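Undergrad: coords please:
(one chain, ligands or ions: 1)
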Amino acid sequence: MPKLIVIAALASSNQVVGNRGKLPWSIPEDLRRFQQLTLHHTVIMGRKTWEFDLEKRPLKHRSLIVVSSGLSESTPGIEVVRSLTDAIKRCQECDRVFIAGGASLYAQALTISEANVPIADQLELTLVDGQYEGDVFFPPFRHLLGTHFELVKVEPRDGYRFETYGRKGRDEG
Ligand SMILES: NC(=O)c1ccc[n+]([C@@H]2O[C@H](COP(=O)([O-])OP(=O)(O)OC[C@H]3O[C@@H](n4cnc5c(N)ncnc54)[C@H](OP(=O)(O)O)[C@@H]3O)[C@@H](O)[C@H]2O)c1
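TA: Just a heads-up that it's a prediction; the model follows:
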């Protein structure tokens, strides 16, 4: 089973993650971190994130899976699946898999499964300081902290910070 890792940047004030299909900020280090963490791994995303954002970024040397009910399965450069469950099924041989948004995929990744644990095993969050307007939001997750996830690492920066959460009681090595 792969480790399922949610990777997201959100405003710490209101958890906004996007505005009109785009990121509400420009943080080059965050984009570099995304590239570094996901390199040589599989990245799962929703159709809107693919079309509005990641399709335009250089995303070589990783497998891309896009969840969509309507996108053609023969879209070049990506594997199209019809649900997050289908996406995860395709990754059974993977070591780690990143769930890269948008809000709808994050919400599904944080739902509690029948085994009473979230679908995601790890959270790689960039918490951005300041006020940002937006139309899509990271799902509520703070109620999962201390119960299902615990803080593993914080890397403060000027204006933002990286926070890594692992499953409570598990070695996240
Ligand atoms: N800050 C960040 O880290 C970050 C990261 C990623 C994205 N974003 C932002 O998030 C926004 C996009 O998020 P979003 O929630 O609007 O869209 P999204 O999650 O990227 O894509 C939604 C689409 O994914 C497909 N989908 C999702 N779940 C599905 C399911 N279970 N079965 C079948 N299809 C499914 C549907 O595509 P069809 O309509 O084709 O069926 C749906 O319309 C953008 O503003 C983007 O910039 C931010």
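
Undergrad: what does the residue of the chain most remote from its centre show for phi and psi?
TA: Distance from the centre of the chain peaks at Ser74, with 23.9 Å (C-alpha atoms, centre = their mean). Backbone torsions of Ser74, given as degrees, to the nearest 10, read phi -100, psi 20.

Undergrad: repeat for Asp86
TA: Taking degrees, to the nearest 10 as the convention, Asp86 sits at phi -60, psi -40.

Undergrad: what do you get for Leu123?
TA: Here Leu123 shows phi and psi, under degrees, to the nearest 10, equal to phi -120, psi 130.

Undergrad: give me the pLDDT value at it.
TA: On the pLDDT scale, Leu123 is placed at 98.

Undergrad: residue boundaries of the helices in the chain?
TA: In the chain, the helices defined using DSSP state H lie at 28-38, 47-52, 84-89, 103-109.

Undergrad: export those to a markdown table and tack on mean neighbour count and distance to the ligand?
TA: To be clear about C-beta, it is placed using only N, CA and C from the backbone, and glycine gets the same treatment. Below are the helices of the chain laid out as a markdown table (neighbours: other C-beta atoms under 10 Å; distance: least, C-beta to the nearest ligand atom, whole Å):
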| stretch | mean neighbour count | distance to the ligand |
| --- | --- | --- |
| helix 28-38 | 14 | 8 |
| helix 47-52 | 20 | 3 |
| helix 84-89 | 17 | 5 |
| helix 103-109 | 20 | 3 |
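
Undergrad: can you tell which of the ones you listed is closest to Val154?
TA: helix 28-38 (13.9 Å; C-beta to C-beta).

Undergrad: quick one: low-confidence residue ranges for this structure.
TA: 171-173 (pLDDT under 70).

Undergrad: which parts of it sit against the ligand?
TA: 8-10, 17-18, 21-23, 45-49, 52-53, 67-71, 82-84, 100-105, 136 (C-beta under 6 Å from any ligand atom).

Undergrad: ok, now which ones touch the nearest residue to Ile7 once chain neighbours are set aside?
TA: Nearest non-adjacent residue to Ile7, counting by C-beta to C-beta, 6 or more residues apart in numbering: Glu124, 4.5 Å away. Residues in contact with Glu124 (C-beta atoms under 8 Å, 6 or more residues apart in numbering) are Ile5, Val6, Ile7, Ala8, Leu37, Phe98, Phe162, Thr164.
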